[in-house]
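Visitor: quick one: sequence plus predicted model below, questions after.
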Amino acid sequence: MPSEPEPPVGWHRIFGRLLMEVFENSPYLVELERDLSEQQQFLDVIIIRSRPGHLTVQLPDGMADLKPHNLITFKSRHESLDPWAMKELVGHYVAYRKLVSKRNQLLPEDQFRLYAVCSRFPQHLSKAVPWKKQQEGVYDYVWGTDEIRVIVAGELAQEPRNAPLHLFSASSELVGFGFGAFQQDHQSQTSRRVLALLQSTLNKEGFTMSFTKQDFEREYFKAMWPMLSPEEQKESLEGVPLATRLAGLTEEEVQQYFRNRDADNPAAKRKPKVKKRG
């Protein structure tokens, strides 16, 4: 018998699950596919402040100024962020605002923020309405009287804080970096399962990553090295074979190092005194 076709990839659910991991143990609660009507019109993700408290996790670029209610539409690398997607987001916002407000007393507009997260830059959408670039990969988009924060995963700076969104970019290098960085900061069993699900989904699509966890650790080490004190640098090199430390250096560069060291430290040039017998 022919095998049954596999169900469609749950990109939105994986995206939401990753955000649940990011906001774990924070004052915010992440809900997935919130039912906003009797016709089951699903909003991809809502991030809600559920209790008082300070946010201690470092959020991806563009998400630092969260409101009590944050509505997110997400478009994977297979989808397009187009005007209709924005209309849907604003429509979800209207329905949600009514849902969480008291009868005949809507919550103030400043309690809400609208986000659109996408893998690639939406070329057609950017030409349709005014855009304002805030930083790399982060734009404010005006739709009527509403402002929507657009975050392009593939344009965000390659930094650990952006790892949750790098995982959904169309760049194999960024996805690989995202895996390594996210694993570095999220060690729970649930995190590993979500990453395994994402890895399986990418493998089925033939998506290969050129940036491994080892690549991330190497890049992270290079970035952090100048910030370490001499004592910390020395400690971090303990156990590293001498050949590895000197790899890539020429004999002249090694000799020049010792000449410079001796010039800065005259005591190093003094030869130890030999006691005479007699």
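Guide: Here it is on my side, so go on. Numbering: from 1, shown residues only.

Visitor: tell me the buried residues in stretch 21-32?
Guide: Within stretch 21-32, the residues that qualify as buried are 21-23, 26-28, 30, 32, counting by 16 or more other C-beta atoms under 10 Å. In this view, the C-beta of every residue, glycine as well, is placed from N, C-alpha and C.

Visitor: one more: stretch 175-184?
Guide: Within stretch 175-184, judged by 16+ other C-beta under 10 Å, the buried ones are 175-183.

Visitor: strands of the chain, start to end?
Guide: Counting by DSSP state E, the chain has these strands, from start to end: 28-35, 42-49, 69-75, 112-118, 131-135, 138-143, 146-152.

Visitor: coming back round to it: now compare the buried residues of stretch 175-184 and name the two farthest from each other.
Guide: Spanning the widest gap among these are 175 and 183, at 12.8 Å by C-beta to C-beta.

Visitor: reformat the strands of the chain as JSON lines; add distance to residue 165.
Guide: Converted to JSON lines, the strands of the chain look like this (distance: least, C-beta to C-beta, whole Å):
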{"stretch": "strand 28-35", "distance to residue 165": "14"}
{"stretch": "strand 42-49", "distance to residue 165": "12"}
{"stretch": "strand 69-75", "distance to residue 165": "10"}
{"stretch": "strand 112-118", "distance to residue 165": "7"}
{"stretch": "strand 131-135", "distance to residue 165": "13"}
{"stretch": "strand 138-143", "distance to residue 165": "11"}
{"stretch": "strand 146-152", "distance to residue 165": "7"}
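
Visitor: mind checking which of those strands is nearest residue 259?
Guide: Of the strands of the chain, nearest to residue 259 by C-beta to C-beta is strand 131-135, at 45.0 Å.

Visitor: distance from the closest one to the middle of the chain?
Guide: 19 Å (C-alpha atoms, centre = their mean, to the nearest Å).

Visitor: circling back: out of the strands of the chain, which gets nearest to residue 83?
Guide: Among the strands of the chain, strand 138-143 comes nearest to residue 83, with 8.4 Å by C-beta to C-beta.

Visitor: tell me the helices and strands packed up against that closest one.
Guide: Packed against strand 138-143 by the contact rule (3 or more C-beta pairs under 8 Å, 6 or more residues apart in numbering; DSSP states H and E) you find helix 83-100, strand 131-135, strand 146-152.

Visitor: packed most tightly, which of those would that be?
Guide: strand 146-152 (a mean of 19; mean count of other C-beta atoms under 10 Å).

Visitor: mind putting the strands of the chain in JSON lines, mean pLDDT included?
Guide: Converted to JSON lines, the strands of the chain look like this (pLDDT from 0 to 100):
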{"stretch": "strand 28-35", "mean pLDDT": "88"}
{"stretch": "strand 42-49", "mean pLDDT": "93"}
{"stretch": "strand 69-75", "mean pLDDT": "96"}
{"stretch": "strand 112-118", "mean pLDDT": "96"}
{"stretch": "strand 131-135", "mean pLDDT": "92"}
{"stretch": "strand 138-143", "mean pLDDT": "90"}
{"stretch": "strand 146-152", "mean pLDDT": "94"}
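
Visitor: residue 198 is nearest to which of these?
Guide: Nearest to residue 198 among the strands of the chain is strand 69-75 (13.6 Å), distances taken as C-beta to C-beta.

Visitor: in the closest one, which of the residues would be classed as buried?
Guide: In terms of neighbour count (16+ other C-beta under 10 Å), strand 69-75 has its buried residues at 69-75.

Visitor: redo those residues as JSON lines? Include distance to residue 188.
Guide: Listed next are these as JSON lines, based on distance: C-beta to C-beta, whole Å:
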{"residue": "69", "distance to residue 188": "26"}
{"residue": "70", "distance to residue 188": "23"}
{"residue": "71", "distance to residue 188": "26"}
{"residue": "72", "distance to residue 188": "22"}
{"residue": "73", "distance to residue 188": "27"}
{"residue": "74", "distance to residue 188": "22"}
{"residue": "75", "distance to residue 188": "27"}
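
Visitor: and stretch 100-116, end to end?
Guide: Criterion C-alpha to C-alpha, to the nearest Å; first-to-last residue distance in stretch 100-116 is 21 Å.

Visitor: show me which residues of it are buried.
Guide: Buried residues in stretch 100-116, counted by 16+ other C-beta under 10 Å: 112-116.
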